[in-house]
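> here is my input; please provide its structure:
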Amino acid sequence: MKALDNYLETLTTFKAVFLIIILGFIVFGNSLFNGFIGDDFDQIVNNPLTRSLANIALFFKGSTFYAGGELGGIYYKPLLSTLYTFLYTISGGQAFIFHLVQVLLHIANAVLVLFFFKFFFSKITSLLLALVFLIHPINAETVNYIANLQDVLFFFFGMLSLFIIHNNQTQKNIVLAYFLLILSMLSKETGILFILITLLFVALHQKSTLYKHLAYSSVVVVLYTCLRFLVAGIYFGHELSAPIAKLSLADRISNIPAIILYYLKTFLFPKHLVFAQNWFFITKDFFNFYLPLLMVSLLFILLLLLHFYLFKYNRKKTLTLLFFSIWFLLGISLHIQIFPLDMTVADRWFYFPMIGLLGIIAISFSCIKMSKRKTYFLTFPLLGILLVTFSVKTITRNTDWKNNVTLYAHDISQQPDNFILENSLGNEYIMQGDYKKALPHIKKSIQIYPNWTLNWNNLGVIYANLGEIDKAKRALKTAINHGNLPLAYENLVSLLMTEIDQNQTKIFLESSLKKLPNDDKLWTRLAIVDARLGKHGEAIFAAQKAYAINPNQQTTYILYQIMNNLPIELR
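Next comes the predicted model:
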């Protein structure tokens with residue numbers, strides 16, 4: 001005990017930071033050799049705009065997903081796409097560099113968490129809280145999934161801003177802090193939470209400067225608003241494909257207790273970690289609604305009682321508890337489906353709220369009176385076991401993220417009714433050319449959720465490759481009816497182009513291009529169809545349009561062949 005006491009007394013900030021760095025690489029070192037997963041392909045691998053730094057300006061004028069010849073989607077994260085482009089340029093498209101940067105940012109975030117907690121708690125308590133944040137299995141998705149680079153990025157800029165505001169209130173540093181806050185918002189929309197947290201922190205601890213911070217916050221919000229709405233034209237209210245997003249507000253609210261309980265349960269017992277969860281319920285039964293409501297209500301009542309207790313006996317701790325309680329509530333409120341999201345729950349959405357919860361837990365334990373001897377013999381062994389258990393679980397979870405098939409197959413075993421995972425696994429088998437193996441997974445995805453465009457598109461691809469053309473056409477038309485997925489249009493056109501009568505194909509292409517005017521693949525196919533129909537002038541126009549949108553090898557070839565009246569070999 002004396003040796004431990006001496007070590008804790010000599011625990012310097014340097015030693016604490018060094019421990020975080022070493023443990024971070026131990027726990028996440030095996031993630032560095034994982035590949036690209038899921039949305040990584042649409043945002044990076046198959047996105048030609050990430051190939052050149054000259055395209056950075058375009059990222060401030062659109063969203064993050066490349067489809068139909070343009071950046072699309074409902075999110076505005078230009079700094080994320082910019083970083084993708086820098087990393088792609090450095091790495092040549094190798095996943096290792098992306099993973100390395102993500103791990104480094106997560107470790108840096110843990111260090112910033114350490115410094116921030118030191119403002120409220122002792123150095124050993126702050127270190128323990130930072131270590132829990134660093135190695136907790138619920139953060140494995142945030143660190144492993146390159147498409148989630150946005151989360152570690154917005155958090156990094158936000159926490160760095162808080163660190164600067166807390167340590168030095170010079171005019172220069174305040175300007176720097178709010179510059180970092182705009183970078184946080186341009187990394188992910190959730191960065192606005194750091195503006196609210198900053199104002200709350202200032203109101204509680206630096207009240208005399210509050211009006212100055214309100215002015216700077218207003219400038220940041222106005223600047224972001226202008227970039228998002230006026231420059232990029234990305235507004236709220238887009239329809240999402242997630243089942244829970246299609247529910248009424250009342251039905252989504254009835255799911256809130258179960259959603260909150262999911263995060264709290266997973267934080268305490270991170271045994272079953274599953275990617276892309278889309279569960280929901282409408283009928284209010286005991287296990288789905290009343291039990292979660294009861295448990296969440298009890299937890300909030302206990303939190304209120306703790307507030308009253310500290311208000312009576314320790315006003316200083318009351319302010320700290322209030323600060324972290326609001327932090328947690330703000331963070332969780334954006335992710336409980338009051339505003340519909342693209343899935344029900346996601347482990348990465350707890351990255352920000354976890355800081356609030358850790359602060360609440362630290363305050364709660366500080367109210368327990370315990371001698372130093374009991375602290376050593378009871379608390380530290382339990383914390384040691386907890387950290388080791390979490391570390392092993394995280395290292396194991398990293399292996400699930402090795403590639404798409406490994407992740408999807410593992411998580412389906414944990415959640416068999418997940419239509420996204422079934423479709424994703426089926427899509428992987430399609431990519432491998434194993435259509436018979438893919439078919440049952442795609443059918444099961446449709447059976448679970450028949451109103452999605454992606455699973456119907458994949459069903460059409462499977463039937464087309466199995467030679468069942470009529471079934472393929474019906475599936476692709478169903479996919480189009482469920483949403484404007486460019487790939488579904490392109491796949492259906494490819495089938496229509498095999499027919500003798502190309503006039504109907506031309507009519508379908510022209511109507512499709514009214515919905516997807518910047519899809520270079522559709523313009524290319526229209527050019528080929530026009531050439532077949534002998535409409536040389538129209539064929540040249542369509543080929544030029546395709547080349548202007550995306551001057552790649554295929555559009556160049558098509559344009560050259562048509563302009564020189566040469567035959568076109570379809571590839």
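
> who's in contact with the residue positioned nearest the centre of the chain?
Nearest to the geometric centre of the chain sits residue 148, at 4.2 Å (C-alpha atoms, centre = their mean). By C-beta atoms under 8 Å, 6 or more residues apart in numbering, residue 148 lies in contact with 102, 141-142, 348. From N, CA and C alone the C-beta is placed, and that goes for glycine too.

> again with residue 201
162, 165-166, 323.

> now with 7 Å, please.
Residue 201 sits next to 162, 323 when contact means C-beta atoms under 7 Å, 6 or more residues apart in numbering.

> so the protein: which segments form each domain?
Annotated domains of the chain cover 239-367, 497-571 [automatic domain parsing].

> wait, which of those domains is closest to residue 458?
Closest to residue 458 of the domains of the chain is domain 239-367 (C-beta to C-beta; 14.1 Å).

> what's the offset of that closest one from the middle of its chain?
18 Å (C-alpha atoms, centre = their mean, to the nearest Å).

> now do stretch 474-484
Using C-alpha atoms, centre = their mean, the offset of stretch 474-484 from its chain centre is 26 Å.

> and the helix or strand hosting residue 540, what's buried?
Per DSSP states H and E: residue 540 is located in helix 536-549. Buried residues in helix 536-549, defined by neighbour count with 16 or more other C-beta atoms under 10 Å: 538-547, 549.

> packing partners for that helix?
Other elements packing on helix 536-549 under the criterion 3 or more C-beta pairs under 7 Å, 6 or more residues apart in numbering; DSSP states H and E are helix 520-532, helix 553-563.

> recalculate using a threshold of 10 Å.
The contact analysis (3 or more C-beta pairs under 10 Å, 6 or more residues apart in numbering; DSSP states H and E) places helix 536-549 against helix 503-515, helix 520-532, helix 553-563.

> got TSV for those helices, with mean neighbour count and distance to residue 264 too?
Converted to TSV, those look like this (neighbours: other C-beta atoms under 10 Å; distance: least, C-beta to C-beta, whole Å):
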stretch	mean neighbour count	distance to residue 264
helix 503-515	15	43
helix 520-532	24	46
helix 553-563	17	51
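
> closest to residue 427 out of those?
helix 520-532 (18.5 Å).

> distance between that closest one and the chain's centre?
That offset, for helix 520-532, works out to 36 Å (C-alpha atoms, centre = their mean).

> thinking residue 182 is in contact with residue 191, fair?
Yes - with contact defined as C-beta atoms under 10 Å, residue 182 reaches residue 191; the gap is 8.2 Å.

> show me what the helix or strand hosting residue 300 packs onto, helices and strands only.
Assigned by DSSP H and E, residue 300 belongs to helix 291-313. Judged by 3+ C-beta pairs under 10 Å, 6+ apart, helix 291-313 is in contact with helix 256-268, helix 315-333, helix 353-366.

> that helix: which residues count as buried?
So, applying 16+ other C-beta under 10 Å, buried residues of helix 291-313: 292-293, 295-296, 306-307, 310.

> using CSV, lay out the residues you listed together with pLDDT and distance to residue 27.
Listed next are those as CSV, based on pLDDT from 0 to 100; distance: C-beta to C-beta, whole Å:
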residue, pLDDT, distance to residue 27
292, 96, 31
293, 96, 35
295, 96, 30
296, 96, 30
306, 92, 31
307, 91, 34
310, 90, 34
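
> quick one on the thing from earlier: check the buried residues of helix 536-549 for the minimum pLDDT and say which it is.
Looking at pLDDT alone, the buried residues of helix 536-549 dip lowest at residue 549, where the score is 89.
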